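> Mind looking at a prediction? Sequence and model below.
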Amino acid sequence: MISGVAQTTSKDNPLLFQEIVDEGRSTALRTAFTQISEQEVIELQAQLIFPRAIKLFGDLVNLEPEVAKKLISTELLQSNDEAVVIGARTLVSRILFLSKMSIFQRIFSDRNQYQFVMEAIENYEF
């Protein structure tokens with residue numbers, strides 16, 4: 001399943017997630033996210049280029065905030081799977097990079113996403 005998501009996002013239609021949300025079919029995406037483990041989402045975002053990885057995280061913030069919180073917690077950094085640890089560090093590095101550049105408004109255009117990330121930086125352990 002995870003390879004199908006990666007192939008679709010990278011090859012067929014890079015705006016897949018936005019289209020699903022725009023067309024009101026967010027339940028399909030939410031269902032897909034519940035069938036994929038946090039570790040698989042972390043591995044997927046680590047393989048995507050910067051904008052798509054951040055877009056994936058932003059969509060998770062809107063659709064499954066609890067999963068998004070897990071992705072930026074230290075819990076995944078304790079994993080025995082090296083790919084998961086690298087993926088988690090990559091996501092955190094990208095988010096911190098965006099915060100240093102103060103360009104959240106451009107990347108996370110949705111107010112919910114912006115507030116979530118700012119709260120994560122203030123409250124969660126990176």
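Received, thanks.

> In this protein, which helix is the longest?
Counting by DSSP state H, the longest helix found in the chain is helix 82-101.

> In this protein, mark out all the helices, start to finish.
Using DSSP H, helices in the chain cover 2-7, 16-22, 26-35, 38-47, 50-63, 65-71, 82-101, 104-107, 111-123.

> any idea which of the ones you listed scores lowest on pLDDT?
Across the helices of the chain, helix 2-7 has the smallest mean pLDDT, namely a mean of 44.

> Show me what the longest helix of the chain is packed up against.
helix 38-47, helix 50-63, helix 111-123 (3 or more Cβ pairs under 8 Å, 6 or more residues apart in numbering; DSSP states H and E). Yep, even glycine has a C-beta here, placed from its N, CA and C like the rest.

> measure Phe108 to Tyr114 for me?
5 Å (Cβ to Cβ, to the nearest Å).

> who wins for proximity to Thr31 among the helices and strands packed on helix 82-101?
Among the helices and strands packed on helix 82-101, the nearest to Thr31 by Cβ to Cβ is helix 50-63 (9.9 Å).
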